[in-house]
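Student: Below are the sequence and a predicted model; questions follow.
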Amino acid sequence: MCGIVGYVGRVEDDGALDVVMEGLARLEYRGYDSAGVALVTGDHTSTRKKSGKLANLRAELEADPLPPSTTGIGHTRWATHGGPTDENAHPHRGGADGKLALIHNGIIENFHSLKGSLLNRGTVFTSETDTEVVAHLLAAAYEQHGELTDAMRAVVADLEGAFTLLAIHADQPGVVVGARRNSPLVVGLGDGANYLGSDVAAFIGHTRQALELDQDQIVTITADSVTVTGFDGSPAEGRAFEVTWDAAAAEKGGYTTFMEKEIHDQPHAVADTLLGRTDADGRLTLDEMDITEQQLQQIDRIIVVACGTAAYAGLVAKYAIERWTRIPVEVALAHEFRYCDPIVDDRTLVVSISQSGETMDTLMAVKHARLLGALTISVCNTHGSTIPRESDAVLYTHAGPEIAVASTKAFLAQITACYVLGLYLAQLRGGSFADDAQAVMKQLGEVPDKIETLLGRMDRVKEIAGFMADTRSVLFLGRHVGYPVAMEGALKLKELAYIHAEGFAAGELKHGPIALIEPGQPVFVIVPSPSSEHGLHGKVVSNIQEIRARGARTIVIAEEGDEAVEPFADEVIRVPVTAPLLAPLLTVVPLQVFALWLSTAKGLDVDQPRNLAKSVTVE
Ligand code: F6R
């Protein structure tokens, strides 16, 4: 939530505004309620800020340009304290002389009491934000210390909550100071220029060399230096890494929206997540795993913690991992996990799933699990992010940058990574399934081509979405691994098309939800493969008949060759045949495509739906 950019170049390189605006454009998916920039210009800082999307700030800058500068910060906001107005947009100034400017991501939990003290001293506030409180404190600390890094250190000592702060001061041109606690900040290392960003997308157009920071650290950048210290002043070093994707990966590549592009990236996302997971003998290896094999052999319980789409990936994983390992798997919404007094010990493996690696609820769940003695593995898409660093081990998904707010390719990559984890555990523990792991890896290896085939057949789904622009409610039914897929289909529709949508376990229908069915009600049904065990296929076909008899309009997602669904389906969308447990990697694709085109048919912003932000870094 909130995108943050900082930049310092050499004296001859005075294009700070362009660099900061380019970074903001790449980070806009993190928040788009308002945007602003501040530059060091002569003996003061100059700011421009505007409510609404970045385009409004661009227009403001055209109407009222800023002078050249070597040093700047920029912010794109997801509002927490104070509405999305020009006044509440960042940067905020501190002090009376207009020399200091500050941007912030996160929440300062004790801002009320800090603001009270400032008001008593006569400080005048121009916004309702918690950020402005910090700006005034920092300006006062600068007066006292005469140096921005020292001032920042003094101020963070009094702050509670989660925050990333970036500040500039006109008396120290050529310096940006950042601080982080439980909120993202990475450093980009350039040649004669350095960068700060909420994530590497902020500077990917300029450098792929980056530095991870730890919690409670302050970083000071100039054009030629990067200095990291702890909040207590102790010297520290960031961890260098190279970003594995380039600027082109963060662009639309000819598609009209990032979401459409990312849906089409899915074959690669799955294939890349499978890369390098088997040794020469075809045995699974997970070289990013820092937990010992002995520890993993002893686990007797797995808890997946995640939010939203990532939690649905966890629900799919539950079916697969339990089946393959016979270890009980529970899926907990990360924001509930901490507060339900979870039963966890050193034989519990807590698997967090997070695309961003920054979701505060998930991060807190991981920290809590570790405190209770659990082993923690992070399934994550973002190198340099916080959750992997706070975990005992990490299994990276290789989906590449996901820019659209609605998650698509990350979901498929998360499911894939969880399958790999399940197979790895099965092999390690040597149960009855261990020998089949290689066969499943082979089936998984065939999935990317099947997704490609499926994507080539989505014209009808697009047409159906086009007809349904006025639809007010859509239901989704699934069973077994199709159940989380149904919930994911509903979530995509809610967040992108703003219409009522619900996903149900098909077996639950007769226990209440069937009362919602009235003539014309559209219902997507994810039909299990006819090869599924326990006669699940036949049971879901019966469910289709039951709702059809009550007037539902049925849009059925069924395997190629499954003729049994034909008589009861208003529409049939065919997916290639695959192993029943792997089917979510295919069946969810038409639902993503449907949400994409329904949102488009309604004229909505597909990539930046209202009220949302990509990375939820506040609780
Ligand atoms: C929905 C969506 C969200 C995220 C959730 C977790 O399309 O994107 O539900 O899945 O906010 O985010 P991460 O995976 O970054 O922890």
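Tutor: Yes, it's here. Numbers count the residues shown, from 1 in each chain.
Student: Next, the contact list for the closest residue to residue 302 other than its chain neighbours, please.
Tutor: Take residue 302 and drop its neighbours on the chain: the residue closest to it by CB to CB, 6 or more residues apart in numbering is residue 329, 4.4 Å away. Glycine gets a C-beta too; all of them are placed from N, C-alpha and C. Neighbouring residues of residue 329 by CB atoms under 8 Å, 6 or more residues apart in numbering: 301, 302, 303, 304, 317, 318, 321, 322.
Student: where does the last one land in three-state SS?
Tutor: This points to residue 322. helix (DSSP: H, G, I helix; E, B strand; the rest coil).
Student: Can you spell out which helices and strands pack onto the one helix or strand residue 483 maps to?
Tutor: Element membership of residue 483 [criterion: DSSP states H and E] is helix 482-497. Of the remaining helices and strands, those touching helix 482-497 by 3 or more CB pairs under 8 Å, 6 or more residues apart in numbering; DSSP states H and E are helix 308-325, strand 473-478, strand 500-505, strand 522-526, helix 584-601.
Student: tell me the angle it makes with strand 522-526.
Tutor: 140 degrees (axes from the mean of the first three to the mean of the last three CA atoms, to 10 degrees).
Student: Rounded mean pLDDT for helix 482-497, please.
Tutor: The pLDDT scores in helix 482-497 average 98.
Student: How far off centre is that helix?
Tutor: 16 Å (CA atoms, centre = their mean, to the nearest Å).
Student: and if you look at stretch 429-444?
Tutor: That offset, for stretch 429-444, works out to 30 Å (CA atoms, centre = their mean).
Student: and it, how far apart are its ends?
Tutor: 21 Å (CA to CA, to the nearest Å).
Student: Does anything pack onto whichever helix or strand residue 137 is part of? Which helices or strands?
Tutor: According to DSSP H and E, residue 137 maps onto helix 130-145. Judged by 3+ CB pairs under 8 Å, 6+ apart, helix 130-145 is in contact with strand 92-94, strand 100-108, helix 111-120, helix 148-156, strand 161-169.
Student: buried stuff in the longest one?
Tutor: Spelled out, that is helix 111-120. 111, 114, 115, 118 (16 or more other CB atoms under 10 Å).
Student: so who does the first one touch?
Tutor: By CB under 8 Å, 6+ apart, the contact list for residue 111 reads 81, 130, 133, 134, 161.
Student: Include distance to residue 582, neighbour count and pLDDT when you put these into a markdown table, please.
Tutor: Shown next, in a markdown table, are these (distance: CB to CB, whole Å; neighbours: other CB atoms under 10 Å; pLDDT from 0 to 100):
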| residue | distance to residue 582 | neighbour count | pLDDT |
| --- | --- | --- | --- |
| 81 | 45 | 16 | 78 |
| 130 | 46 | 24 | 91 |
| 133 | 51 | 29 | 96 |
| 134 | 49 | 26 | 97 |
| 161 | 42 | 16 | 88 |
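Student: now those in CSV, with distance to residue 385?
Tutor: Below are those laid out as CSV (distance: CB to CB, whole Å):
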residue, distance to residue 385
81, 24
130, 24
133, 27
134, 24
161, 19
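Student: Between those, which sits nearest residue 257?
Tutor: The shortest approach to residue 257 among the contacts of residue 111 belongs to residue 81, at 30.7 Å (CB to CB).
Student: What residue, apart from its backbone neighbours, is nearest the closest one spatially?
Tutor: residue 130 (4.5 Å).
Student: The one you found touches residue 108, doesn't it?
Tutor: Yes - the pair residue 130 and residue 108 passes the contact test of CB atoms under 8 Å, sitting 4.1 Å apart.
Student: which bits of the stretch 501-619 of the chain sit near the ligand?
Tutor: 615, 616 (CB under 6 Å from any ligand atom).
Student: can you map out the strands along the stretch 501-619 of the chain?
Tutor: For the stretch 501-619 of the chain, the strands defined by DSSP state E, counting those that start in this stretch occupy 522-526, 553-559, 571-575.
Student: List the buried residues for the second one?
Tutor: Same thing as strand 553-559. 553, 554, 555, 556, 557, 558, 559.
Student: what's the answer for stretch 470-486, then?
Tutor: 471, 474-486.
Student: quick one: contacts of stretch 282-298?
Tutor: 276-279, 347, 349, 375, 377, 392-396, 420-421, 423-425, 427-429, 437-438, 441.
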